[in-house]
Structure formats: C-alpha cells, structure tokens
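Novice: quick check, what structure comes out for this input:
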Amino acid sequence: MELFPPVPLESWRDTKETLHRFLQIVGKIRLAGSPRRNHWWNVPFHLTGRGVTSRPTGPVLGGDAFCVDFDFVAHRLVVSTLSGRQTSFPLTDRSVADFYRDVLTALAALGIEAKPEHPYPYDLPDADRPFAADYEHGAYDPAAVAVYWRVLSQVALLLEEYAAGFWGKTSPVHHFWHTFDIAVSRFSDREIEPPPGADPVTREAYSREVISAGFWFGDDSVPAPAFYSYTAPEPPGLAERPLRPAAATWSAARGNHLALLMYDDARASSDPWATALKFLDDAYRAGAGLAGWERRKECPGGITDPRLRREPAP
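Specialist: Numbers count the residues shown, from 1 in each chain. The predicted model follows:
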C-alpha cells in the first residue's frame, strides 16, 4: 500500500462536496449533544480503524448516550447506543437531503432526540440552504472515499508523531468537519484578544496563542491537497523565515501567512514522511522563536523524563 497515494482535488471534487456536508450534519449533532470543551475540542471527529467517529455523545434529553461512526470501509453510517442497540445505512446513492432525513430517522428509531440546532452548511457557498432541501449534492464514489480515508489515516499518524515533540498544552489530532482538514495545535500560556468583530467560534478557537499544524484536501483558495502550519497571532517577520524543503512557501491568507507544503511535493521527495515532519517542525520553530515561546516545553520523541532524555537510546 502506497504511503501517500495521489488524491488530486479534481478527481473527487463532487464526492468531497457531498461528503463534507454529510460530515457537517453529524458534526452539528455532536455539537448539540456534547458538553463544550476549551477551543471547541468537543466538536471535531476522531479517527477509528475504519473511519471517523463522533465519539460517545449525550445523553440528550434523558435518552441513551450514543455514537455516530462513518465506516469508510463498508461505506455505511452506524449509530450505536450505550445500551447496545445499533442501526446503520449506506452512505452511497443518497443526496444531502436524503442523508439528513436518514440520520434523524436512525436517531429517532433508537429513541434519541438530537438534531442540529442550525441545520444549514457552515461556511460553504450554499450556507443559506437547509440540509433538508439539498438535492444537488449526491455524488459518492466509494473508491475516492477509500483514498481519502487512507490519506487521512496516514496523515493522522504523522501528526501524532509531530505532536509527541511538545509536552505543553496540545490539542488532540482531530478532523474538523467545518473546514474538512485534520490538525493538531500547540498552545502557549499567553491569553490573547481576538480581532474586533471576531465571531464566537473564532474567539474561542484563538483565545490563547497557538501554532497549528495540519493537512487539507484542497478547496477553492488552494485547489490541491497540502500540509500547512500557521501561528496566531502572527509575529512580525514570520514570512521571512526559511522553510524546508525548498518547495515549501509562505502563502498570504486573510492578512496573515500560511506555511504550505503541497502534498505532491512531499510525495515527490525520497522520504515523504520525513519531509513533511521537517516542514512542520521548521514552521513551528519559526513561529515559536519569533513569538518567544518556552523551548523547555519541547520533548523530542515524546520523552519528558529528564533522566531518560540525558541517556543515549539503546
């Protein structure tokens, strides 16, 4: 199995647009049924051995606690309850409107009263159209989704290795349904004031100084998959700091800069895994150095025991 198989955006754009909305529907149910965590960590999906999961959620309105899983091996949506009941249906051959109806029907069949508080897409071109009225998006190519799942899984493992190098406050590696990316974030202890007029989602996400590392599958602004990193707030001079490999760049984005390494450039290197890790580490060190982060919070190899850190590896 190829470590990082090709996943050009145009090869599965229609499927991605449908799947993105499927994820948003279940993600909004998770949002409505879970206790709020700092920086919205309660909301993203986590990975399983077969797909992504909402994680155990609820109970909602006194009903059973439940979990919603996307099984990208069998291409089914599976709803399970803490009491052991389960129902599922195929992800194929249904529009967003069909999927929305089927999810609510599956939950109701298990006695679960949960639904999105705002049943509309978030930050997508059709944000003013309810999920229940979206018969436009219905493409679902199982082969394309299988590649997405393979890439997502491999990138998750890479981000876990990257995350091991910092013992300070660090998010889980999680898959965001609103932006369709997978990321892990490192935080300093400094509280910051988000820009005036920032929405509540942004204010909570960026209430502390943060350096995020992640991967997305491409969108209208960057129409190809890429690894990325950013520092918020951005320290002066960040975009002048060097990055490795030479193909990596700083890209202007909404008044700030993203460190970008295109997925195909990483794939073309002799060691894509090491190349991506080196890129993310360079971008982190650029932001952390300019922002004056504490270097003592770094722990190469995930080791914080001072005795073990002094001893050579066997």
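
Novice: residue contacts, Ser80?
Specialist: Phe66, Cys67, Asp69, Gln86 (Cβ atoms under 8 Å, 6 or more residues apart in numbering). Every residue, glycine included, has its C-beta placed from N, CA and C.

Novice: most surrounded residue in those?
Specialist: Counting neighbours by other Cβ atoms under 10 Å, Phe66 comes out on top of those with 26 neighbours.

Novice: so for it, what's the pLDDT?
Specialist: Phe66 is assigned 95 on the pLDDT scale.

Novice: that one pairs with what?
Specialist: Beta-bridge partners for Phe66, by DSSP bridges, are Thr57, Thr81.

Novice: okay but it is in contact with Ser83, surely?
Specialist: No: look at Phe66 against Ser83 with Cβ atoms under 8 Å: they stay out of range, at 9.5 Å.

Novice: name the single longest strand found in the chain.
Specialist: strand 181-191 (DSSP state E).

Novice: contacts for that one, please.
Specialist: Here strand 181-191 has contacts from 39, 152, 155-156, 159-160, 162-163, 166, 168-176, 207-217, 228, 284, 291, 293-294, using Cβ under 8 Å, 6+ apart.

Novice: repeat for stretch 124-137
Specialist: 14, 17-18, 20-21, 24-25, 95-97, 99-101, 116, 119-121.

Novice: list the contacts of the residue lying closest to Trp41 once chain neighbours are set aside.
Specialist: Spatial nearest neighbour of Trp41, chain neighbours left out: Ser171 (5.9 Å); criterion: Cβ to Cβ, 6 or more residues apart in numbering. By Cβ under 8 Å, 6+ apart, Ser171 lies in contact with His39, Trp41, Ala183, Val184, Ser185, Phe187.

Novice: greatest separation within these: which pair is it?
Specialist: Ala183 and Phe187 (12.8 Å; Cβ to Cβ).

Novice: got the phi/psi numbers for Ser83?
Specialist: The phi/psi pair for Ser83 (degrees, to the nearest 10) reads phi -80, psi 0.

Novice: before we move on, what about Thr53?
Specialist: The phi/psi pair for Thr53 (degrees, to the nearest 10) is phi -130, psi 150.

Novice: so who does the closest residue to it other than its chain neighbours touch?
Specialist: Distance criterion Cβ to Cβ, 6+ apart; nearest residue to Thr53, sequence neighbours excluded, is Asp69 at 4.7 Å. Going by Cβ under 8 Å, 6+ apart, Asp69 touches Thr48, Arg50, Gly51, Val52, Thr53, Ser54, Leu77, Val78, Val79, Ser80.
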